[in-house]
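[1] sequence unknown, structure follows:
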């Protein structure tokens, strides 16, 4: 698989958006995409905590043909030196027009966040990182009586 080509120049796919959310829904009559319950952090009363279901919405351009993409969820330790893979998902994004915007969704089930800290979603194409999105997991503070 090679990068997309436009006017004889090689370009890599460009990520316009990546959003974490509860769900993604596409209206069949209008084709519009609805992102439901967007979030940038997770709070939990205790760790480890499991999240039953969530999605990652992506919008990309500069794609010609079928492009394999991978989305990895990793935990980043305190000094950032030893990231730990938590989960990953693969998909193919198809577009016959490199100027068009291709949208997609990665669906995650039963993801366990072992401890509070920094997690990252890493979007890759052919082993090259296109975008990273940080997600911080924090304990929920319980009010003291």
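    Nice, thanks for sending it over. The shown structure was predicted, so the numbers you read here are calculated from the model rather than taken from an experiment.
[2] contacting residues for residue 137?
    41-44, 47, 49, 113, 115-119 (C-beta atoms under 8 Å, 6 or more residues apart in numbering). C-betas here are computed from N, CA, C, even on glycine.
[3] Identify the bridge partners of it.
    Note on residue 137: beta-bridge partners by DSSP bridges are residue 42, residue 117.
[4] Isn't residue 94 up against residue 100?
    No: Residue 94 lies out of contact with residue 100 (C-beta atoms under 8 Å); the separation is 10.1 Å.
[5] So which residue is dead centre in the protein?
    residue 56 (4.4 Å; C-alpha atoms, centre = their mean).
[6] ok, and the closest non-adjacent residue to that residue?
    Counting by C-beta to C-beta, 6 or more residues apart in numbering, residue 106 is the residue found nearest to residue 56 once chain neighbours are left out, at 4.4 Å.
[7] quick one: which of the contacts of residue 137 is nearest to residue 25?
    Distance ranking of the contacts of residue 137 against residue 25, using C-beta to C-beta, places residue 42 first at 21.7 Å.
[8] who's in contact with that closest one?
    Taking C-beta under 8 Å, 6+ apart, we find residue 42 in contact with 49, 51, 113, 135-138.
[9] Go ahead and confirm residue 105 touches residue 58.
    Yes: the criterion here is C-beta under 8 Å, and residue 105 meets it with residue 58 at 7.5 Å.
[10] Those two - which one has more neighbours?
    The neighbour count for residue 105 versus residue 58, taken as other C-beta atoms under 10 Å, is higher for residue 58 (26 against 17).
[11] That one reaches residue 101, doesn't it?
    No: counting by C-beta under 8 Å, residue 58 stays clear of residue 101, with 10.3 Å between them.
[12] Where does the prediction get shaky in the chain?
    Residues of the chain that meet the criterion pLDDT under 70 lie in 1-11, 79-81, 144.
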